[in-house]
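Participant: Here is a sequence together with a model predicted from it:
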Amino acid sequence: MSLSLNQVQIVGNVGKDPEVKYNTAGDPIASFSVAASEKWKDKSGKDQERTEWFNVTAFGPLAKIIQDILTKGARVFVQGSLRTEEWTDKDGQKRRTTKVILSGPRATFLLLSPKKDKPSEAQGDGGFQATDDDVPFGLTALIPTLLPLAGMATLIGGLA
């Protein structure tokens, strides 16, 4: 038997507040997007930036936690598996989308920016922009120690 691995790790900012739906059994399913940007200088020395957007879906108790604490702009680390879904749109065209799935023993969710209360309509957007300076010192060394926690998704809030 050959070895296979389907695992992705992303650090980025949440694009909008999570959307939570419930399956027929009443279990929560949270969906949100994460933007991961990279910056570099081109050959002429001009600053360049590219942002990749990832759709993320979490299931069960982790979905409920995400609904309660995650807001637009928050900086997160997610580790999950990739899943491609296919469907036919209303015009008969075949479509595909790829999602990061947070489910199972290797799923990890880390809130890297301080937890903020969800804003009320009177408070306006209330979002914030996290920068690389918001990522705690030593996070790169911390992540490998958190990943082996088997059998559960990991949640750490307010690491700033």
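Facilitator: Done, it's in.
Participant: all contacts plus neighbour counts: C-alpha atoms, from now on.
Facilitator: Noted.
Participant: Most remote residue from the middle of the chain, which is it?
Facilitator: residue 44 (33.8 Å; CA atoms, centre = their mean).
Participant: That residue sits in which helix or strand?
Facilitator: Here residue 44 sits in a region with no helix or strand, counting by DSSP states H and E.
Participant: so how far is residue 22 from it?
Facilitator: For residue 44, the distance to residue 22 (CA to CA, to the nearest Å) stands at 51 Å.
Participant: Equivalent analysis for residue 56, please.
Facilitator: Applying CA to CA to residue 56 and residue 22 gives a distance of 16 Å.
Participant: Between the two, point out the one with more neighbours.
Facilitator: Remark: of residue 56 and residue 22, residue 56 carries more neighbours, 22 against 13, as counted by other CA atoms under 10 Å.
Participant: Quick check: residue 65 is in a helix.
Facilitator: Yes - under DSSP: H, G, I helix; E, B strand; the rest coil, residue 65 sits within a helix.
Participant: Strands of the chain, start to end?
Facilitator: Taking DSSP state E as the test, the strands found in the chain are 8-14, 19-22, 28-41, 47-59, 75-88, 94-102, 108-111, 154-156.
Participant: The ones you listed into TSV, with extra columns for distance to residue 65 and mean pLDDT?
Facilitator: Output for the strands of the chain, formatted as TSV (distance: least, CA to CA, whole Å; pLDDT from 0 to 100):
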stretch	distance to residue 65	mean pLDDT
strand 8-14	15	96
strand 19-22	11	96
strand 28-41	9	95
strand 47-59	10	96
strand 75-88	14	95
strand 94-102	12	95
strand 108-111	10	93
strand 154-156	9	44
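Participant: would you list those in a markdown table and tack on distance to residue 2?
Facilitator: Below are these laid out as a markdown table (distance: least, CA to CA, whole Å):
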| stretch | distance to residue 2 |
| --- | --- |
| strand 8-14 | 20 |
| strand 19-22 | 36 |
| strand 28-41 | 32 |
| strand 47-59 | 28 |
| strand 75-88 | 18 |
| strand 94-102 | 23 |
| strand 108-111 | 25 |
| strand 154-156 | 28 |
